[in-house]
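Trainee: Provided below are the primary sequence and the corresponding predicted coordinates.
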Amino acid sequence: METWAVVDAGGSAGLPAVVTSIRRLADELIDVLGPSSGDSDGDHRDVYDPLGHLADSCLDGLGVVARIEAATAAVKVRLLAGYAEAAAAMEGPADSAYESSAREMSLVAEVACVLTVGERAAAALLGEAHALTTTLPAALDALQSGKISWQHARIIVDETTGLDKAAASALEAHFLDPEAPNAARGAAAGELAPARFRRKVRVWRERHQPESLEIRHMRSVEDRRMEYSPDRNGMAWVSLYMPAEKACAIWNKATALARGLQGPEEPRTLTQIRVDEAARLLLGTPGGNAGAGPSLTADVLVTVPVFSLLGATDEPADLDNYGPIPASMARKLVAEGAGSFYRVLVDPRDGAPLEIGRTSYRLPETLKRWLRVRDGKCTFPGCSNPSQDNEADHLTAWQHGGATGISNLGQLCPKHHRLKHRTRWGPGPAARNEPPGWVSPSGRKYNAERADREPTLWPPGCLPNGNSPLETLIVDFLVAS
């Protein structure tokens, strides 16, 4: 990991200037939106056109707000750099690489919790702040003055990553200094849409990059990966980061197969067939719609409302490491799931877990499954690590009197398990149905993320407070399970 400990005067020392810039821009915004703004620029405004005044004021105001947002981003950059500098000074030199890594984890976690962002985003922000305050001063000045947006500044940081200081300064000067030799022509950097600006920067970088594209490509191949992202309506995204020629070949093959299946009798669109064919090739299943066919076995928990499992309602279930899924999908998983698949029934009165189906009565396994129901993921603020990869941990250590009970246990991913034992981050108390919050080294408290459980839907004719044949059926069903 990169160290952000050394920050020069471009960090916290530049805060007064950027705050003054924001004040000036705020005054400008007040003038633009004030009652007398219609008389401030008589060249293009007609005093007898109130709607024209309003439209012009709104557009002028948007321009000022964009510059305020840029200046505010510069404040964030300097505060991040200042915090990293202060934290490093308070801690002193690390005795080992192990201790240095733990400090950086704690630093990133604190920033992530204060800004309410993920730790990957927090680490990126700290890295960008370090780059802007140490090697890209012109970009930071342009951001502070509102000449470029935060998106433009991030593009400069991103495209100078891996360059030495001289090459980074040359790229920065080419796009931000109109007096530089062979400066960029045409619209200024801040006048270009970010996507177009990135394209120009990347072309210039490739042309002037001292290291060959072949070498950089070979290094990037090591970063190949597959990513999974849950989405709404029982859907999800799977993306592959791989060499361009392989990605292009996969796309072309899926497209060719899809085109070959098109015809007058084929109701699916080309896009739909392409997805179905890609899924068929990856999963090795017979052809057909990727949204239908036999269900897959699962080694996850599915939380199912009782009435939904019985088919009396169509209330969604919850798939571990995904989220809400259709009731029909949940019933199929329960019916066709693997032996390591566990269903969680939900009390129709309050939505709390009612019963965990199991094949083993061993206490550790039962507690582990209950933790997965209660916590759903790693309990650290902002962490989304799924429960399959997490570790059950004593909140109060066993050697310090902690008991092995649900109220003294929490789910931690390997990363935050290390953070707990290597830094002064610590979990707060937990309860039977409530995961623990966390306390940072600075003493800030972060509340636990709890599941928004609600009473489940009751089928028509079933009274929650009375006995009914359906209630008897449910009890019999649970006993039989």
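Mentor: Everything's here; your move. Numbering: from 1, shown residues only.
Trainee: Which residue is the nearest non-sequential neighbour of the residue nearest the centre of the chain?
Mentor: The chain has Gly118 as the residue nearest its centroid, 5.6 Å off, counting by Cα atoms, centre = their mean. Spatially, and ignoring its direct neighbours in sequence, Gly118 is nearest to Gly382 (5.1 Å; Cβ to Cβ, 6 or more residues apart in numbering). Every C-beta, even on glycine, is put in place using the N, C-alpha and C of the backbone.
Trainee: With Tyr241 instead?
Mentor: Leaving aside its sequence neighbours, Tyr241 sits nearest to Arg225 (Cβ to Cβ, 6+ apart; 5.1 Å).
Trainee: measure the residue nearest to the centre of the chain to Tyr446 for me?
Mentor: Separation of Gly118 from Tyr446 (Cβ to Cβ, to the nearest Å): 14 Å.
Trainee: now the strands: where do they sit in the chain?
Mentor: For the chain, the strands defined by DSSP state E cover 225-230, 236-241, 301-305, 317-319, 323-325, 342-346, 353-356, 391-394, 409-412, 426-427, 438-439, 445-446.
Trainee: With mean neighbour count and mean pLDDT added, can I get the ones you listed in CSV?
Mentor: Converted to CSV, the strands of the chain look like this (neighbours: other Cβ atoms under 10 Å; pLDDT from 0 to 100):
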stretch, mean neighbour count, mean pLDDT
strand 225-230, 10, 90
strand 236-241, 11, 92
strand 301-305, 25, 70
strand 317-319, 21, 74
strand 323-325, 18, 72
strand 342-346, 21, 59
strand 353-356, 17, 50
strand 391-394, 17, 81
strand 409-412, 26, 85
strand 426-427, 18, 90
strand 438-439, 18, 90
strand 445-446, 14, 88
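Trainee: and those as a markdown table, adding distance to Leu282?
Mentor: Below are those laid out as a markdown table (distance: least, Cβ to Cβ, whole Å):
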| stretch | distance to Leu282 |
| --- | --- |
| strand 225-230 | 10 |
| strand 236-241 | 9 |
| strand 301-305 | 23 |
| strand 317-319 | 20 |
| strand 323-325 | 20 |
| strand 342-346 | 26 |
| strand 353-356 | 32 |
| strand 391-394 | 30 |
| strand 409-412 | 30 |
| strand 426-427 | 39 |
| strand 438-439 | 38 |
| strand 445-446 | 39 |
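Trainee: so which of the ones you listed gets nearest Arg196?
Mentor: Nearest to Arg196 among the strands of the chain is strand 236-241; the distance by Cβ to Cβ comes to 23.5 Å.
Trainee: in its sheet, what does the closest one sit against?
Mentor: strand 225-230 (antiparallel) (DSSP bridges).
Trainee: Would you mind extracting the C-alpha trace of the partner strand into PDB?
Mentor: What follows is strand 225-230 as a C-alpha-only set of coordinates in PDB (Å, rounded to 0.1, in the frame of the first residue of the first chain):
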ATOM      1  CA  ARG A 225     -10.300 -10.100 -12.400                       C
ATOM      2  CA  MET A 226     -14.000 -10.900 -12.300                       C
ATOM      3  CA  GLU A 227     -16.400  -8.700 -10.400                       C
ATOM      4  CA  TYR A 228     -19.900  -9.300  -9.200                       C
ATOM      5  CA  SER A 229     -22.500  -6.600  -8.300                       C
ATOM      6  CA  PRO A 230     -26.100  -7.300  -7.200                       C
END
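Trainee: Phi, psi for the residue nearest to the centre of the chain please.
Mentor: Per-residue torsions, Gly118: phi -70, psi 160 (degrees, to the nearest 10).
Trainee: tell me the pLDDT at it?
Mentor: Per-residue confidence (pLDDT) for Gly118: 90.
Trainee: From what I see, it and Asn385 are in contact.
Mentor: No. Look at Gly118 against Asn385 with Cβ atoms under 8 Å: they stay out of range, at 10.8 Å.
Trainee: So in this protein, where's the weakest helix or strand by average pLDDT?
Mentor: Lowest by mean pLDDT, DSSP states H and E among the helices and strands of the chain is strand 353-356, with a mean of 50.
Trainee: What ranges does the stretch 351-481 of the chain have for its helices?
Mentor: Under the criterion DSSP state H, counting those that start in this stretch, helices of the stretch 351-481 of the chain are mapped to 363-375, 414-422, 469-480.
Trainee: what does the stretch 1-150 of the chain give?
Mentor: Going by DSSP H, counting those that start in this stretch, the stretch 1-150 of the chain shows helices at 15-33, 50-91, 97-115, 119-134, 137-145, 150-160.
Trainee: Can you list the low-confidence ranges for the stretch 101-250 of the chain?
Mentor: 210-214 (pLDDT under 70).
Trainee: Kindly check the end-to-end length of stretch 142-162 for me.
Mentor: 22 Å (Cα to Cα, to the nearest Å).
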